[in-house]
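> could you look at this predicted model? Sequence included:
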Amino acid sequence: MEELVKMIMDRTGVSESQARQAATTTINYLKDRLPSSASSEIDALIGAQAAGGVGAKVGEVAGKIEGAIRH
């Protein structure tokens, strides 16, 4: 989540609290509209970011989300 917040801040120039709110809103929007399996993968990605293990987890989660969307 921190990586996403930073990206939003860098690209838009908004404050950290505004970027965090935008990230949270976007994540919740996606989780509400994607299959439940994709929602859990989003949670896993956010958890991996918090733990610092983003690199390997991003590709894994992206593949699972893509597969869930196709079904």
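Arrived safely, thanks for sending.
> I'd like to know which helix or strand in the chain has the lowest mean pLDDT.
Of the helices and strands making up the chain, the lowest-confidence element is helix 54-70, at a mean of 58, by mean pLDDT, DSSP states H and E.
> please, which helix or strand holds the residue lying closest to Ala23 once chain neighbours are set aside?
On the basis of CB to CB, 6 or more residues apart in numbering, the spatially nearest residue to Ala23 that is not a chain neighbour turns out to be Leu4, at 4.6 Å. (Glycine included, C-beta is placed from N, CA and C.) When elements are defined using DSSP states H and E, Leu4 is found to belong to helix 2-12.
> same for that helix, what does it pack against?
helix 16-33, helix 36-51 (3 or more CB pairs under 8 Å, 6 or more residues apart in numbering; DSSP states H and E).
> let's go with 10 Å and repeat that
Helix 2-12 sits against helix 16-33, helix 36-51, helix 54-70, with contacts defined as 3 or more CB pairs under 10 Å, 6 or more residues apart in numbering; DSSP states H and E.
> what angle do the second one and helix 2-12 make?
Yep, that's helix 36-51 we're talking about. Here helix 36-51 runs at 90 degrees with respect to helix 2-12, directions being taken by axes from the mean of the first three to the mean of the last three CA atoms, to 10 degrees.
> just the CA trace of helix 36-51, in CSV.
What follows is helix 36-51 as a C-alpha-only set of coordinates in CSV (Å, rounded to 0.1, in the frame of the first residue of the first chain):
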residue,chain,number,x,y,z
SER,A,36,-13.7,-12.9,-4.4
SER,A,37,-10.6,-14.8,-5.3
ALA,A,38,-9.1,-11.7,-6.9
SER,A,39,-10.1,-9.7,-3.7
SER,A,40,-8.1,-12.1,-1.6
GLU,A,41,-5.1,-11.7,-4.0
ILE,A,42,-5.3,-7.9,-3.7
ASP,A,43,-5.2,-8.3,0.1
ALA,A,44,-2.2,-10.6,-0.3
LEU,A,45,-0.5,-8.0,-2.5
ILE,A,46,-1.1,-5.2,-0.1
GLY,A,47,0.2,-7.5,2.8
ALA,A,48,3.3,-8.3,0.7
GLN,A,49,4.0,-4.6,0.2
ALA,A,50,3.7,-4.0,3.9
ALA,A,51,6.1,-6.8,4.5
